[in-house]
Structure formats: structure tokens, C-alpha cells
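J.: my questions concern the predicted model and sequence given below.
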Amino acid sequence: MIVDGYYPADIRVRKEAESLALKHHVFVLCCKKEGDVEREILEKVTILRTIFYKSFTEKGLVDMQLAINFVHPKFKKALPKIIQENKIDVLHVHDLPLAKTGYIMAKKYKLFSVLDLHENYAAALLTWFSWRKNPIIRLKNKLFFNYNRWQNYENNIILQFDRIIAVVQEMKERIVLDTAVNEQKITVITNSEKKEFAANFNSENNNFFANYKDRFIISYVGGFGPHRGLQTAIEGMQKVSKEIPNALLALIGPANNDVKNYLENLIDEFDVRNNVVIYGSQPFKDVVKIMQSSAVNIIPHISNLHTESTIPHKLYQILLSKKPLLVSNCAPLERVVKTNNIGAVFKAGNALSFSEEVSSIYHHYNVATEKAAKGFELAYNGDLNWEFTAKKLLHLYDNLNT
């Protein structure tokens with residue numbers, strides 16, 4: 001596996017690597033931070049932290065070089081030795097930026113190639129940086145990371161790989177439509193969660209929001225990017241706060257200064273300072289506690305090309321928390337929630353629809369908890385968990401030669 005990130009920080013990469021390591025020798029070539037061990041074995045996965053960036057500036061320069069010819073110089077340099085020394089048979093490439101680099105190496109050394117698309121990367125570029133104010137960053141992204149260029153690249157490079165992994169059915173359908181690739185080459189491996197996530201809950205210390213007793217907590221846990229729909233939730237709290245005075249929207253996750261300032265301004269604009277609180281990043285081990293301490297957990301994604309063909313890990317994490325769920329009607333989210341009747345759905349980008357669904361959950365909380373119980377049952381004993389998903393990944397690798 002190759003991933004332009006840290007291991008085991010990426011949940012998807014870690015789950016896939018550990019599952020494959022049950023039957024195969026798995027190596028992960030990834031990035032190294034100061035103080036990291038360069039080579040170690042975790043859960044039978046051999047981690048090779050060979051890729052090192054001296055600074056954010058160097059990372060930015062490498063990203064621009066990558067965007068010019070779609071070849072990553074550091075991975076291209078490191079891979080030949082690793083492939084030969086470890087007698088690699090399959091190159092599993094995580095996400096679009098490393099696709100061409102991986103394909104070149106796979107072709108050179110006659111390896112099977114698997115491209116694992118975590119998201120619609122080209123479409124994500126349209127939204128990731130829209131709240132950034134720095135003119136240099138905005139110019140760099142306009143020149144090197146524009147949608148059309150990366151979408152054309154994806155359409156072409158996909159055809160070169162032996163197998164494709166898509167994160168949701170909607171992504172698979174989009175790829176087939178865009179490229180006419182044989183759909184038999186595509187396997188859907190979704191971002192479901194391991195059942196052990198539920199075991200992290202400690203009933204004796206389950207109140208993350210101890211400072212907000214007697215509040216109706218509406219929680220969002222995750223990234224704060226423009227596509228996440230936090231602006232919709234904040235605006236929606238204007239009406240929610242009038243119907244449910246003790247309601248509190250808790251936003252938990254990492255945010256750069258541009259994003260945080262944007263959200264803080266929205267809080268003041270809609271006069272909901274008493275009903276919205278922004279937390280910073282929290283340890284992953286506390287995520288289940290946060291979800292369990294909440295009256296309802298939300299995924300308010302706006303609808304765009306990106307969110308309509310990906311799905312967040314937190315959907316399945318919320319199901320394992322046994323607490324009510326509210327999602328926007330982005331296709332993958334709506335499909336999972338409505339098909340299984342395990343939560344509520346509001347119209348993406350519509351603050352009034354958001355507030356109405358929150359109010360409905362509040363006034364019919366017994367119905368919401370019944371749906372949550374059904375969601376937990378499917379996520380723990382049914383097919384909405386990683387243990388079930390991993391079987392599809394192993395089946396893919398068992399049948400690479402067919």
C-alpha cells in the first residue's frame with residue numbers, strides 16, 4: 001500500500017491494511033513525522049515511513065510538482081527498492097494523487113494494481129479551499145488544483161488499473177458513467193466501522209458535556225470544511241433555539257483560522273451564541289463518549305459532486321453509539337438511513353428543514369431512539385460494520401487473477 005499520509009492516522013487505510021494482513025504480507029509505504037520509527041510492525045502490518053517532508057513549504061512544493069505531471073517524486077524514488085527487496089506482488093494505491101506514480105511502478109515491475117478511491121477527489125477540490133482567504137493559497141489552488149484537470153486525469157488513469165475500489169455505490173456508478181470501465185473491475189468498500197468501537201464506551205464516565213447539564217445536545221464530530229454543512233446547522237439553530245431553548249449545537253473537530261473565523265461570524269450573524277459551541281480536536285478514543293453524551297448526532301453535509309459520491313466513517317460510528325442520527329439527503333447518506341429506517345433526513349443546505357427535523361426528534365424522542373436501536377443492531381450484528389465489509393476486500397484479493 002502507498003499513502004501520502006501518516007500511519008495509522010488514516011482510519012480507512014488502517015482497517016484495510018489490518019484486514020488484509022490476516023491473510024497476506026502487507027507493507028504500507030507512508031510519511032514520517034519527526035520522532036516516528038521508520039520501520040515497525042503493528043497488527044501484522046509492516047509500516048515503512050520512508051517519505052519525509054522537511055517543512056510545510058517542501059510539502060507544498062512537492063504537491064505543486066505532483067499537480068504538474070501527476071507523479072510524486074518521493075514515492076517514485078522510494079518504491080523500486082521496496083518492491084524488489086520485499087518481493088511485492090500487488091500495489092494498492094490510496095487515492096487519486098498517487099495513482100499515476102503507482103501505475104508507473106506497477107507496470108515497470110509487472111505488479112497487479114489496485115486504485116482505492118476514498119472520495120471524488122476532483123470534486124473535493126471545488127470545496128476544500130473555498131473558505132481560505134490567503135491569496136497565495138487561492139492562486140496556487142486555482143492554477144494547480146482545478147476541477148477539470150483532475151477530473152480528466154481520474155477518467156484516464158482509472159482505465160489503467162487492474163482493479164478499482166470505490167467508497168460507495170454512487171461513486172461506482174459515477175465512474176462507470178464517466179469512463180465506461182467494466183463495472184466488474186470495481187468493488188465497493190465502504191467506510192463502515194469495527195464493532196469494537198462500541199466497546200470504547202464507558203458507562204461510568206459518559207458525560208462529555210458535563211459543563212452543559214440539562215441541555216439538548218446536538219453534536220457534530222469531524223472536519224470543518226465547507227462541504228460539511230456546518231453553516232446550515234448554525235443557521236438552523238436560529239429557529240431551533242426558539243422552539244427548544246435549551247438546545248445546544250456542539251461542533252467538535254479541527255479547524256484552521258479561516259474556517260473557525262467564518263463559523264464564528266455565522267454564529268454572531270444568526271444570533272445563536274448561546275446555542276452553539278465550537279470545540280477543538282478531541283482524541284479519537286473520546287469520540288464514542290461524545291456521541292453517547294449527545295441527544296442527537298448530525299451529518300449535515302451540503303449536496304455537491306463530492307458529497308454525493310462518498311460517505312463518512314462517522315455515520316457508522318454514530319450507529320454504534322446507539323444515539324439518534326440526523327443526516328442531510330446527500331444520496332449515500334439518505335440511501336443508508338432511509339433504506340434501513342435508522343434515522344432522520346433533512347434537505348441538504350436547507351436550514352428550515354434542519355430545524356424542523358431537530359424539532360421532530362425532540363418532540364418524538366422515543367421514535368428517534370427506536371430507530372437508533374435498530375441502527376445499532378444492524379451496525380453490530382448485521383451488515384453495516386467493518387467485519388462484514390472486510391470480507392468483500394478479502395474476496396477481491398482472493399480473486400485478483402480471475
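T.: Sure thing, it's come through. Residues are numbered from 1 along each chain as shown.

J.: output the lowest mean pLDDT helix or strand found in the chain.
T.: The weakest-scoring helix or strand in the chain, judged by mean pLDDT, DSSP states H and E, is helix 135-144 (a mean of 60).

J.: what helices or strands is the following helix or strand past that one leaning on?
T.: The helix or strand immediately downstream of helix 135-144 is helix 147-158, counting by DSSP states H and E. The contact analysis (3 or more C-beta pairs under 8 Å, 6 or more residues apart in numbering; DSSP states H and E) places helix 147-158 against helix 99-108, helix 121-128, helix 169-179. All C-beta atoms are positioned from the backbone trio N, CA, C, and that covers glycine.

J.: need the nearest residue in space to residue 275, chain neighbours excluded.
T.: residue 241 (4.3 Å; C-beta to C-beta, 6 or more residues apart in numbering).

J.: need phi/psi at the one you found.
T.: phi -60, psi -30 (degrees, to the nearest 10).

J.: now residue 364
T.: phi -130, psi 50.

J.: residue 27: neighbour count?
T.: 22 (other C-beta atoms under 10 Å).

J.: before we move on, what about residue 400?
T.: Using other C-beta under 10 Å, residue 400 is surrounded by 13 other residues.

J.: ok so, going back, what sits against the residue nearest to residue 275?
T.: Listed by C-beta atoms under 8 Å, 6 or more residues apart in numbering, the contact partners of residue 241 are 247, 272, 274-275.

J.: before we move on, what about residue 47?
T.: 7-8, 27-28, 30, 39-41.

J.: kindly recompute the last result at 6 Å.
T.: 7, 28, 40 (C-beta atoms under 6 Å, 6 or more residues apart in numbering).

J.: with residue 190 instead?
T.: Taking C-beta under 6 Å, 6+ apart as the test, what residue 190 contacts is 168, 389.

J.: could you give me the ChimeraX selection string for whichever of the contacts of residue 47 are buried?
T.: Selection of buried members from the contacts of residue 47 for ChimeraX, criterion 16 or more other C-beta atoms under 10 Å:
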select :7,28
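
J.: which helices and strands does the helix or strand where residue 378 lies pack with?
T.: Using DSSP H and E, residue 378 falls within helix 365-380. For helix 365-380, the packing partners by 3 or more C-beta pairs under 6 Å, 6 or more residues apart in numbering; DSSP states H and E come out as helix 313-321.

J.: got the contact list for the helix or strand that the helix it packs on is followed by?
T.: On the C-terminal side of helix 313-321, the nearest following helix or strand under DSSP H and E is strand 325-328. Contacting residues not belonging to strand 325-328 are listed as 229, 296-301, 318, 333, 337, 343-346, 348, 357 [C-beta under 6 Å, 6+ apart].

J.: which ones among the residues you listed map onto helices?
T.: In helices, defined here by DSSP state H, the members of those are 318, 333, 337, 357.

J.: which residue packs closest to the second one, ignoring adjacent ones?
T.: The spatially closest residue to residue 333, leaving aside those adjacent along the chain, is residue 327, at 4.2 Å (C-beta to C-beta, 6+ apart).

J.: and for the one you found, the neighbour number?
T.: Neighbours of residue 327 under the rule other C-beta under 10 Å: 28.

J.: that one bridge partners, please.
T.: Beta bridges link residue 327 to residue 299, residue 345, judged by DSSP bridges.

J.: from residue 344, how far out is it?
T.: When distance is defined by C-beta to C-beta, to the nearest Å, residue 327 is 8 Å away from residue 344.

J.: which residues do the two both contact?
T.: The contact lists of residue 327 and residue 344 share no entry, where a contact means C-beta under 6 Å, 6+ apart.

J.: format the helices and strands packed on helix 147-158 as TSV; extra columns: mean neighbour count and distance to residue 187.
T.: Output for the helices and strands packed on helix 147-158, formatted as TSV (neighbours: other C-beta atoms under 10 Å; distance: least, C-beta to C-beta, whole Å):
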stretch	mean neighbour count	distance to residue 187
helix 99-108	20	16
helix 121-128	20	18
helix 169-179	17	8
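
J.: for those helices, which has the smallest mean pLDDT value?
T.: Ranked by mean pLDDT, those bottom out at helix 121-128, with a mean of 82.

J.: could you say what helices and strands that one packs with?
T.: Looks like helix 121-128 contacts helix 147-158 (3+ C-beta pairs under 6 Å, 6+ apart).

J.: can you mark which positions in the helix it packs on are buried?
T.: Along helix 147-158, these residues count as buried under the neighbour rule (16+ other C-beta under 10 Å): 147, 150-151, 153-154, 157-158.

J.: can you list the residues that contact whatever helix or strand comes next after it?
T.: Sequence order places strand 163-166 as the next helix or strand after helix 147-158, per DSSP H and E. Here strand 163-166 makes contact (C-beta under 6 Å, 6+ apart) with 114-117, 172, 185-189.

J.: between the buried residues of helix 147-158, which is closest to residue 2?
T.: Comparing those against residue 2 with C-beta to C-beta places residue 157 closest, at 14.3 Å.

J.: look up how far residue 5 lies from that closest one.
T.: Residue 157 is 19 Å from residue 5, by C-beta to C-beta.

J.: what segments of the stretch 151-300 of the chain are helices?
T.: Using DSSP state H, counting those that start in this stretch, the helices found in the stretch 151-300 of the chain span residues 169-179, 230-243, 257-269, 287-292.

J.: I'd like to know which elements the third one is packed against.
T.: Applying 3+ C-beta pairs under 6 Å, 6+ apart, one finds that helix 257-269 contacts helix 230-243.

J.: many thanks, have a good one.
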